[in-house]
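Chemist: Would you be able to build a 3D model of this:
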Amino acid sequence: MAHYINIVRIAVFALFFFTAQAYGQGVVEEDHFSSVSSLELADFANNGDLVKAFDKWLSAIKSGSKLEAFNESNRILGLMRQLGTRNLFDVADLCVAAGMAELKKGSYDSAILAGEDAVKFAPDHPTPYFFLAKALFIKDKANIKGVATSLTSGLKAMFSDMVIRDTATSHIARFAFLAVLLTFLFIFIALFALHYHALMADIAMLFPVKPEGFLKVVLGALVTMAPLAIGGWLIFLLFIPLFLWPYLRLGGRAVVGFFALFVFLTPHAFNYMSKGVFWANGDAYRAVYLLSKNTWDHETKKIIERENRNNPNDKTLTFAIGYLNMLKGDKYAAISAYDAILKKWPKDTRAIVNKGNVYFMAKDYNKAVEMYEKAIKTDPQLVAAHFNLSNTYVALFKTKDAEREYKRALSIDRDKTAMFVEQTGSDPDKKVIDFPITGKELTELETKLGKNTEKAFKALWGVYLGDLSQKTYKVISFVFLGLVAVAGIFWRNRISHRSCSSCGITFRPPIYLDSDFPKCNQCVAVQSVKGAVSTTRKDKKLKDIREYQGRRNRIANLLDRVYPGIGRVYFQEHFSGFIFAFIASLAIVYGVSTIGMELLTHGNSIKEVANTHTFFLGFVAFYWLLMNTVLKKDFY
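Modeler: Have a look, this model is predicted:
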C-alpha cells in the first residue's frame, strides 16, 4: 500500500505543478495558487450580487461554517444560471486561492469544501480538480479513491479542452524540438571526437601532397568547417553525419537515419509550435470557442464585440454575438444580432430558431410561435423547431397544438426528440433547444484567422532558421536525404582509414572493413595465440591497448556523469545513450527557457525561482542521482 501511496503522491504534485491555465482563467501563482486579494475579476466588476455572494461564501469558509458556505455556493450557482454561463473560471480560481490559504492554516475540511465548490463553479476547469486532489491527499494519504477520482476528472477536463490541449501540444513540440536538436548536436560532437583521427587522415588523402602532422589537422579542420562558412549552422549540422558515416557502427548509422527523419519532419514541428502562438494571440477564436461551450465572461464579450465591429460581414461572429446575448438574457441585443444575420441570410434556420428562443425566454410566446413556424416553413424536417413550438404551445395552454408538434418531432427523429426531452428536463430554466456554435463554424473561423497562424509560423521559423525560406529548406532536406542514402555506397567503394577498436590508432586497411570492431594488424597479431611477435613488442602493444582503453573509459565515464547519455554514445552504445541524452537535453531546454528567463528578464531571486520550480528541480536532481547510482555505467 505504501508503494501505491507514493505513486499517487508523485502524480498529485506532478499534475498540480504542471497544470496549464485555460483561456479566461485567472493566473494563480503562489506555490501555483495566489492569495485571494491578488486576483481580479471582470465578472465582479459587473455583478454586485456575485460580489456579495462570494464575500459571504469566503467568510463562511474562513469561519468553517459549512451550512452558510453551502447556501452561498447555491446562490452563486443561481447567478451562473442567470448569466447563462457554464463556467466562472475566475470565481473558481478565487475559491482555490481561498482553499490554499485554509490548507496552509491546517483547516483541511474548509480547504476541501473550497475545492469542491470551485469544481461546481467551473466544471471544465482542471485546476480545481487537482487542488481538491491535493487537499484530500494532505488530509488523508490513505484516501486513494478520492484522490484518484479528482485526478481523473482533472485530466479529463484538461484534455477535453482544446485550448489547453493545443497549447500543451505547442509547448511540448517546442521543448521536444529543441531537446532533440541539442541531443543530436552533442551526440555528433562525441562521435566526431571518437573518429576525428580517421576523418583527418581520409581528408588528407584528397590532396595531391599528403600532409602530415599539424598541417593535416589544419587542412582537415578547414574542410570540415567549410559548410559552416558556406551555408551557416544548418548546413554544418547536416554535413557532420555525412563526414562521420563511413566510421559509424550500425547503431551510429541508425542515429543518422533518425536525424534525417527529424530534418524532414521539422516543418511539421513548427506547425505544432505555431499553434500555441495562435492560441496566445487568437483572442477572437478562443472567445468563440469558449462560447461554444456555453462559457463567457465580460472579457469574452468585449473581444467578440470588437471583432464583430472589425468584421461586420462575418456570419460566425455575428451569430456569436446573438448567442452570447441570448445566454446573458439581453433580449434586444440578441434579436439585433440575429436580425443582422437574417437580413443577409433570410433562410438561416439556426438564427430563426434562436431568435424564437429569445422571445420564448422573454415570455413573448406569440412572437416565438411566429419564428418557429417560419423555421418549419423553411425546413419542415427541423426537429428542434417542432420541439420548441410544442413547448411554446404548452406555455400558451394550447394542449392539442403542443401534442401535434411533439408527435411531428417524434416522427422525424425519435432519438433526437428524446435527447431534447432529457436536455430540457435536466434544466428547469430551459424549455427550448438552442442552436449553439458548431465545430464547423469554429473550423471556418480558424481558417479565416489562419493568417495569424501563418504569421506565427513565419515568426518562429525566422527565430530558428533566419532568412532561409521554407522552399529552400525543403530542397536542402531532400538533398540531405539523398546524400545519406548515397554516402554508404560512396564510402564502400573507397579505401578509408579506420580507428582501431583496441589501441585507437588510425590505420588504412587494404580492403574495406565493414566491421563494428576493426583492428589494426599489430593488435590482431599480439592478440593471436599463433602470432609470431616478439615479447618486447607484444608487451609494448598490450600496454598501448590498456592505456587507450583506460583513457577512453575515463572520458566516457566523465561525459556520462556530466551529460547523462553522451558517455554511452562515446562508448558506442547509441540507442540507450540517445534516450538518456534526450531526457537530459529536455531538462536543459526547459530549465533555460523557464528558470533562466525568469532570472534574467523578470529579476526574480534564486530563492523565488527555486520555490516556484521545486518539482522540476527535484526531478533534475533525482535524474542526476539515478544516472550516477542505479543506472550508473562503468565502461571497461
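
Chemist: Regarding this structure, what is its longest helix?
Modeler: Here the longest helix in the chain is taken by residue count, with DSSP state H as the criterion, and it is helix 162-204.

Chemist: What is it packed up against?
Modeler: In terms of contacts (3 or more Cβ pairs under 8 Å, 6 or more residues apart in numbering; DSSP states H and E), helix 162-204 is packed against helix 144-160, helix 213-244, helix 250-281, helix 283-292, strand 498-499, strand 506-507, helix 566-570, helix 574-590. For the C-beta atoms, the positions are set from N, CA and C on the backbone; glycine is no exception.

Chemist: try it again with 6 Å
Modeler: The elements that helix 162-204 packs onto, with contact taken as 3 or more Cβ pairs under 6 Å, 6 or more residues apart in numbering; DSSP states H and E, are helix 213-244, helix 250-281, strand 498-499, strand 506-507, helix 566-570, helix 574-590.

Chemist: most neighbours per residue, which of those?
Modeler: helix 566-570 (a mean of 26; mean count of other Cβ atoms under 10 Å).

Chemist: hmm, back to that, now render the helices and strands packed on helix 162-204 as TSV, adding mean pLDDT.
Modeler: Output for the helices and strands packed on helix 162-204, formatted as TSV (pLDDT from 0 to 100):
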stretch	mean pLDDT
helix 213-244	80
helix 250-281	79
strand 498-499	80
strand 506-507	82
helix 566-570	90
helix 574-590	92
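
Chemist: And the ones you listed: which comes nearest F159?
Modeler: helix 250-281 (15.3 Å; Cβ to Cβ).

Chemist: Report the angle between that closest one and helix 162-204.
Modeler: Using axes from the mean of the first three to the mean of the last three Cα atoms, to 10 degrees, the interaxial angle of helix 250-281 with respect to helix 162-204 works out to 140 degrees.

Chemist: what's the angle from helix 250-281 to helix 213-244?
Modeler: Using the same axes, to 10 degrees, helix 250-281 lies at 70 degrees relative to helix 213-244.

Chemist: Give me the mean pLDDT for stretch 80-88.
Modeler: Over the span of stretch 80-88, the pLDDT mean works out to 82.

Chemist: Mind listing what's buried along it?
Modeler: Buried residues in stretch 80-88, defined by neighbour count with 16 or more other Cβ atoms under 10 Å: M80, L83, G84, T85, R86, N87, L88.

Chemist: residues touching the closest residue to the last one other than its chain neighbours, list them.
Modeler: Taking Cβ to Cβ, 6 or more residues apart in numbering, and ignoring the residues beside it in sequence, L88 has F121 as its nearest neighbour in space, at 4.9 Å. In this structure, F121 makes contact with L88, V91, A92, judged by Cβ atoms under 6 Å, 6 or more residues apart in numbering.

Chemist: Show me the shaky parts of the stretch 351-500 of the chain.
Modeler: Counting by pLDDT under 70, the stretch 351-500 of the chain contains low-confidence residues at 426-429, 446, 448-456, 488-495.

Chemist: just to revisit the earlier point, the inter-axis angle of the longest helix of the chain versus helix 144-160?
Modeler: Relative orientation of helix 162-204 with respect to helix 144-160: 80 degrees, computed using the same axes, to 10 degrees.

Chemist: distance between helix 162-204 and the chain's centre?
Modeler: Helix 162-204 has its C-alpha centroid displaced from the chain centroid by 20 Å (Cα atoms, centre = their mean, to the nearest Å).

Chemist: got it, and stretch 134-148?
Modeler: Relative to its parent chain, stretch 134-148 has a centroid offset of 27 Å by Cα atoms, centre = their mean.
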